[in-house]
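Q: Below are the sequence and a predicted model for it; my questions follow.
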Amino acid sequence: MPFNVCDQNGKHIGILYERCPEYSLGRKFSLVCLTELTTEKININFHGIKDYLARRYDLKTVFGKIKEEKLQEKLEEEWREYYSEYGAYDEVFLLKIHLSNHQGEISHLIEIEEQSVQGYILLNRENVIFHNKETIIIKNELDFIQPEKEILGKKPLYTKVVDYPVISMGVMGLGEGLLLGANLSDFGGRNHIHNTKLKLMVGNDIHQLELPMQINAKRGMTILFYLEGQKIKHMVCDERIYTF
């Protein structure tokens, strides 16, 4: 998904990189790698993207070769229908769009050096604003990208609390408690559970997140999330580490 990403002042902040599965956040989010690298300095296998599309559209010969003319016609038709606002047909731009839409299946076709990445923010692909065919602009304030707050030696996902956190307490039922690992002694007055609802700026969008514990967060704070796969494993907020 190789597009440069800049802030509202035109400053380069990273590269739109990896698509998040639909079930992880419930919306069409992708990761933006925070890096000084630009798309011109990374490797993109455009032939591999065309080969993937040819297989997807059943446009390969029995010998496995791409039916180049047929694929060209298909891509130009798609351009006229969906992307004509960007001017004359641009194959490279369209292939990069496809890399965005099918990232989970062809992520091996783009290479970014891990040591060059400082962290991540999220971008809602349904709310993308292109500055040009190479660059996406995020018009929200990005003051929450604060690498100095990273304390676990990993690549965090940066977010910012934009509304008052809501902390609620409920009573854990017997069935729910046993499912979560409680025993009968836990139901002698110590069966309360806490939840914290957070409204977070994640990049170019606001995301609601509910966590199964009391989080000592305040509006305006930066929160760092550390993911393993699609699950939150750690969180850093107000100089506290939370583990899930």
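A: Perfect, thanks for sending it.

Q: A helix includes residue 70, no?
A: Yes. With DSSP: H, G, I helix; E, B strand; the rest coil as the criterion, residue 70 is located in a helix.

Q: pretty sure it is in contact with residue 61, am I right?
A: No. The pair residue 70 and residue 61 does not pass the contact test of C-beta atoms under 8 Å, sitting 10.2 Å apart. Where you see a C-beta, it was placed from the backbone N, CA and C, and this is true even at glycine.

Q: Give me the domain ranges for the chain.
A: Domains of the chain are assigned by automatic domain parsing as 3-139, 157-243.

Q: rewinding a little: neighbour count: residue 70 and residue 61, which is higher?
A: Per other C-beta atoms under 10 Å, whichever of residue 70 and residue 61 has more neighbours is residue 70, with 14 against 9.

Q: show me what contacts the more buried one?
A: Residues in contact with residue 70 (C-beta atoms under 8 Å, 6 or more residues apart in numbering) are residue 59.

Q: mind redoing it with 10 Å?
A: Applying C-beta atoms under 10 Å, 6 or more residues apart in numbering, we find residue 70 in contact with 54, 57-60.

Q: Residue 60 bridge partners, please.
A: Beta-bridge pairing for residue 60 (DSSP bridges): residue 66.

Q: That one and residue 79, how far apart?
A: Note on residue 60: its distance to residue 79, by C-beta to C-beta, to the nearest Å, is 21 Å.

Q: Now mean pLDDT and distance to residue 151 too, for the domains of the chain, in TSV please.
A: As requested, the domains of the chain are arranged in TSV below (pLDDT from 0 to 100; distance: least, C-beta to C-beta, whole Å):
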stretch	mean pLDDT	distance to residue 151
domain 3-139	84	12
domain 157-243	80	6
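
Q: Now those in JSON lines, please, with extra columns for distance to residue 147.
A: JSON lines is the format used below for those (distance: least, C-beta to C-beta, whole Å):
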{"stretch": "domain 3-139", "distance to residue 147": "5"}
{"stretch": "domain 157-243", "distance to residue 147": "9"}
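
Q: related to what we said a few turns ago, which residues are in contact with both of residue 70 and residue 61?
A: With C-beta under 10 Å, 6+ apart as the test, residue 70 and residue 61 both reach residue 54.

Q: about what we covered before: residue 149: which of the domains of the chain is closest?
A: Across the domains of the chain, residue 149 has its closest neighbour in domain 157-243 (5.8 Å, C-beta to C-beta).

Q: Okay, now the closest one: how far is its last residue from its first?
A: Start to finish, the residues bounding domain 157-243 are 15 Å apart (C-alpha to C-alpha, to the nearest Å).

Q: go on, stretch 127-134?
A: Terminal-residue distance, stretch 127-134 (C-alpha to C-alpha): 16 Å.

Q: Other residues contacting it?
A: 2-6, 8, 10, 16, 27-28, 30, 38-40, 83, 85-87, 90, 92-94, 96-97, 100, 135-140, 203-205.

Q: again, only this time at 6 Å
A: 4, 93, 136-137, 204-205 (C-beta atoms under 6 Å, 6 or more residues apart in numbering).
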